[in-house]
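**Student:** Quick one, structure for this:
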Amino acid sequence: MDGQIVLVTGAGSGIGQALANASAGKGAVVHLADVAADAVRKAAAELTDAGYAAAAHVCDVTDPDAVRALTGSVIDASGRLDVAFLNAGINGVPSMLQPGGAIDELPFEVWRRVLAVNLDGLFHCLQQCAGIMKEQHAGNIVVTASTAGLRAEPRVSYPYVASKSAVIGLVRQAALELARFGVRVNAIAPGPVVTNIGGNGPRPASSVAAWEDSIAMRRWGHPSDVTALALLLASDDSSWMTGGIHVVDGGASALSQITSTTLPAPD
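**Tutor:** Next up, the predicted model:
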C-alpha cells in the first residue's frame with residue numbers, strides 16, 4: 001500500500017483503529033475519521049509519533065454535509081482517494097433476549113439512532129467515496145458488515161441486525177454499478193469481535209460464554225483478526241473480487257444451528 005491514500009471511518013477504536021494502523025504499517029497515507037474527537041486524534045497522533053503518515057478528522061457520518069467536508073478534506077490534502085474502509089457503526093442496544101429489546105418494547109428513536117449511523121451513515125460515505133473514485137476510474141471500498149446481517153441472531157439487537165442486512169444489500173448493489181469504473185466494493189462480515197461497539201466496560205461473563213459457545217474456534221475475535229482480510233480486499237491481489245461478503249468469524253457461521261434453548265421458553 002506504499003503511498004496509497006486511505007480513509008478509515010470509525011477509526012478512533014476497535015476494528016477501525018486496527019485498519020488504520022495496519023494500512024499505515026503497509027506504507028499508506030491514512031486519514032482517520034471518527035465522531036469521537038479525542039479518540040481519533042489520539043489514534044492519529046500515535047501513528048504520526050511512530051513515523052507514519054496520518055491525519056485525524058472529526059466527522060459525524062449521519063450528517064451528509066460533514067461527510068462531504070471529510071472527503072473534500074482528504075482530496076485537498078492528498079489529491080485522491082485509493083481505499084475507503086467504511087467501518088463506522090454502533091449498537092449498544094438490548095437484544096431481543098434482554099429487557100427493553102423485544103420488538104414491542106424497543107423505542108423507535110433507539111431504532112433510528114442505530115440505523116442513522118450504520119445504514120444512513122454508510123450511504124453518505126459510500127456516495128461521496130464513489131463519486132471521487134468514479135472520476136478517478138480506480139479505487140477500492142471495503143465495508144464492515146456483520147454476520148448478524150446474514151442470519152437471525154437473537155443475541156443482537158433488532159436495529160443492528162436490520163442495518164447490517166441492509167448494508168450487505170447496499171454493498172452488492174454498489175459493486176454492480178461501480179465495476180465499469182474500475183472501482184471495487186466488498187464487505188467484511190465479522191463475527192463476535194472484542195470492541196466497544198456494545199458499550200464501554202466489561203461484558204457479563206454469561207454473555208461472553210454464550211457467544212463463545214456459538215463459535216467453532218471457541219474464542220472471540222480481535223480487531224487484528226479482521227485486518228489481513230481487509231488489506232487483501234484493498235489490494236491488487238483481489239483484483240477480480242467485487243460484490244463479495246467475506247466472513248471472518250472463527251467458524252460461527254459454519255456452526256449455524258440456533259437451538260430453541262437459546263430462546264426464552266414459551267409463556
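
**Student:** What about G131, how many residues nearby?
**Tutor:** A count of nearby residues for G131, using other Cβ atoms under 10 Å, gives 12. Any C-beta I mention is one placed from the backbone N, CA and C, and that applies to glycine too.

**Student:** is it true that it lies in a strand?
**Tutor:** No. Counting by DSSP: H, G, I helix; E, B strand; the rest coil, G131 is located in no strand; its state is helix.

**Student:** could you show me where the helices are in the chain, in order?
**Tutor:** 14-25, 37-49, 64-78, 108-115, 122-136, 158-178, 205-213, 223-233 (DSSP state H).

**Student:** Pipe those into TSV and attach mean pLDDT and distance to S253 per row.
**Tutor:** Shown next, in TSV, are those (pLDDT from 0 to 100; distance: least, Cβ to Cβ, whole Å):
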stretch	mean pLDDT	distance to S253
helix 14-25	97	18
helix 37-49	98	30
helix 64-78	98	31
helix 108-115	97	22
helix 122-136	98	22
helix 158-178	98	13
helix 205-213	67	14
helix 223-233	95	14
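
**Student:** Relative to I5, which of those helices is closest?
**Tutor:** Nearest of the helices of the chain to I5, taken as Cβ to Cβ: helix 64-78 at 4.3 Å.

**Student:** Give the buried residues for the closest one.
**Tutor:** Judged by neighbour count using 16 or more other Cβ atoms under 10 Å, the buried positions of helix 64-78 are 66-67, 70-71, 73-74, 78.

**Student:** Point out the most buried one among the helices of the chain.
**Tutor:** helix 14-25 (a mean of 25; mean count of other Cβ atoms under 10 Å).

**Student:** Kindly calculate the angle that that helix makes with helix 223-233.
**Tutor:** Counting by axes from the mean of the first three to the mean of the last three Cα atoms, to 10 degrees, helix 14-25 lies at 50 degrees to helix 223-233.
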